[in-house]
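Chemist: how would this look folded up:
(one chain, ligands or ions: 2)
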Amino acid sequence: MGERTATSTRIDRATGGTRLRRLRQNDWTRRLVRETDVRVDDLIWPIFVREGDGDAHPVASMPGVSRRSVAGCVEAARRAADLGIPVVALFPFTDPSLRDETGSEALNESNLVCRATRAIKDAVPEIGILCDVALDPYTSHGHDGIVRDGVIVNDETVDLLCRQALVQARAGCDIIGPSDMMDGRVACIREALDADGFGDTMIMSYAAKYASAFYGPFRDAVGSAGALRGDKRTYQMDMGNALEALREAAQDIAEGADMIMVKPGLPYLDILARLVDEFRMPTFAYQTSGEYATIMAAAQNGWIDGEKAMFESLRAFKRAGAAGILTYFAPRVAEAIHKG
Ligand SMILES: NCC(=O)CCC(=O)O
Ligand SMILES: [Mg+2]
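Modeler: Ligands and ions are numbered 1, 2, ... in the order given. Below is the predicted model:
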């Protein structure tokens, strides 16, 4: 730490002699005292499934991410399992001709997500599967629920969400992820699952999901961008609110959620930390498409080191107390961790 000077005595008096830089001197000391790390076990990999066969279709606004055929999703799940990633999350690109006012394709037992779930369960039984419950990939208007006179109606939507959850559970889905932000849906879905013999099917609720600009590329990926009429501010949370997130999470937990989630991730890190602190639940962060695209775009321009930014962003979630992270970086991170 250099020569001792008159200033040294002053500093020792001020710090009580504890020089915090002592522990940062070497790589090994830094590793020794590091409080959090990103592990492969922390990762959930969201993958996009599309109709048809053949090569994956790249998503332009998400470099490195593509929509895969059902067979391609099975390959991805195989790769994920081999890397040690515990869970894949499935999102469908629904053919526009199958979208309608009430999202009826969501209830089709052989829709894309159900077929991909069955195929993955069959070929890669050791990996967990998370399926989103919400109508937006299936509605012609792009909303997460049924629209009546311009209003996204809560209770009728919840009836459909319960049926959607059952369809997914029957296909073999392990974790139901209600992402719709309707009130009371966790309680109703839990009851519907239990009544149908799916008492072991887990619920990871999108407890605090904010109306955000960071979902843009995802809507491209699932084909909702062009479809969406208006915005989602009457059901997704207002970005100015933190106390309300505590109320949202409290409700979902009381209703039977096994795990909760905050979304988006990095812009809402304070919410994540507060929910962990308050409820001590397994709490997850969703590093959204917009967060992914932001890092990728800057990296591709040579403006930031993409690999370092990726790890830094994921470590932030762990430091804030996340049990895990849904991230499009999952396979790349897992590979980097294995390489060491
Ligand atoms: N329900 C899943 C999403 O809305 C994902 C959004 C994103 O990755 O931007
Ligand atoms: Mg709620």
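Chemist: what does the top helix by length along the chain rub up against?
Modeler: In the chain, taking DSSP state H as the definition, the longest helix is helix 154-171. Under the contact criterion Cβ atoms under 8 Å, 6 or more residues apart in numbering, helix 154-171 has outside partners 102-103, 106-109, 111, 113-115, 117-118, 121, 131, 133-135, 144-146, 148, 176, 178, 180, 182-185, 188-189, 191-193, 196, 198, 201. Every residue, glycine included, has its C-beta placed from N, CA and C.
Chemist: quick one, strands of the stretch 51-200 of the chain?
Modeler: Under the criterion DSSP state E, counting those that start in this stretch, the stretch 51-200 of the chain contains strands at 57-58, 66-68, 87-92, 128-133, 146-148, 151-153, 175-178.
Chemist: one step back: quick one, the longest helix of the chain and strand 128-133 angle?
Modeler: In this structure, helix 154-171 runs at an angle of 150 degrees to strand 128-133, with axes from the mean of the first three to the mean of the last three Cα atoms, to 10 degrees as the basis.
Chemist: just the buried ones from the contacts of helix 154-171, in ChimeraX syntax?
Modeler: The following ChimeraX command selects only the buried members of these, with burial defined by 16 or more other Cβ atoms under 10 Å:
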select :102,103,106,111,113,114,115,117,118,121,131,133,134,135,144,145,146,176,178,180,182,185,188,189,192,193,198,201
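Chemist: among the contacts of helix 154-171, which ones are in helices?
Modeler: The subset of the contacts of helix 154-171 located in helices under the criterion DSSP H comprises Val113, Cys114, Arg115, Thr117, Arg118, Lys121, Arg185, Cys188, Ile189, Glu191, Ala192, Leu193.
Chemist: what parts of the chain come near ligand 1?
Modeler: Near ligand 1, the residues belonging to the chain are Asp132, Ser179, Phe214, Tyr215, Phe218, Thr288, Ser289, Gly290 when assessed by Cβ under 6 Å from any ligand atom.
Chemist: quick one: the second one and Ala134 touch, right?
Modeler: Yes - taking contact to mean Cβ atoms under 8 Å, the distance of 4.5 Å between Ser179 and Ala134 places them in contact.
Chemist: remind me which residues of this structure are low pLDDT?
Modeler: Applying pLDDT under 70 to the chain flags residues 1.
Chemist: repeat that for 50
Modeler: Within the chain, no range satisfies pLDDT under 50.
Chemist: what about the helices in it?
Modeler: Using DSSP H, the helices of the chain run over residues 6-15, 27-33, 70-83, 112-123, 154-171, 185-195, 216-221, 243-255, 269-279, 289-300, 306-319, 330-339.
Chemist: for stretch 46-63, buried residues please.
Modeler: When neighbours are counted by 16+ other Cβ under 10 Å, the buried residues of stretch 46-63 are found to be Pro46, Ile47, Phe48, Val49, Arg50, Ala56, His57, Val59, Ser61, Met62, Pro63.
Chemist: closest to ligand 1 among those residues?
Modeler: For those, the closest approach to ligand 1 (Cβ to the nearest ligand atom) belongs to Pro46, at 6.6 Å.
Chemist: give the burial count for Gly128, as a bare number.
Modeler: Per other Cβ atoms under 10 Å, the neighbour tally for Gly128 reads 18.
Chemist: whoops, I mixed them up, Gly230
Modeler: 12.
Chemist: state the distance from it to Ile11.
Modeler: Distance of Gly230 to Ile11, given as Cβ to Cβ, to the nearest Å: 59 Å.
Chemist: before we move on, the earlier item: okay if I get the strands of the stretch 51-200 of the chain as TSV plus distance to Ala322?
Modeler: Putting those into TSV (distance: least, Cβ to Cβ, whole Å) gives the following:
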stretch	distance to Ala322
strand 57-58	29
strand 66-68	26
strand 87-92	14
strand 128-133	15
strand 146-148	33
strand 151-153	29
strand 175-178	15
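Chemist: before we move on, the earlier item: okay, and the common contacts of Ser179 and Ala134?
Modeler: Common contacts of Ser179 and Ala134, defined by Cβ under 8 Å, 6+ apart, comprise Asp144.
Chemist: which residues does Ala225 contact?
Modeler: Gly142, Gly216, Arg219.
Chemist: residues near Arg13, how many?
Modeler: Other residues lying near Arg13 total 9 when counted by other Cβ under 10 Å.
Chemist: and if you look at Gly172?
Modeler: Using other Cβ under 10 Å, Gly172 has 17 other residues around it.
Chemist: apart from its neighbours in sequence, what residue is nearest it?
Modeler: Nearest in space to Gly172, with sequence neighbours left out and distances taken as Cβ to Cβ, 6 or more residues apart in numbering, is Lys121 at 3.9 Å.
Chemist: distance of that neighbour relative to ligand 1?
Modeler: 21 Å (Cβ to the nearest ligand atom, to the nearest Å).
Chemist: name all residues that make contact with that residue.
Modeler: If a contact means Cβ under 8 Å, 6+ apart, then Lys121 has Ile129, Ala171, Gly172 as its contacts.
Chemist: so Ile152 bridges to which residues?
Modeler: When bridges are assigned using DSSP bridges, the partners listed for Ile152 are Val147.
Chemist: Gly145 is in contact with that one, correct?
Modeler: Yes - taking contacts as Cβ under 8 Å, Ile152 lies within contact range of Gly145: 4.4 Å.
Chemist: what's the overlap in contacts for these two?
Modeler: Between them, Ile152 and Gly145 share the neighbouring residues Tyr235, with contact defined by Cβ under 8 Å, 6+ apart.
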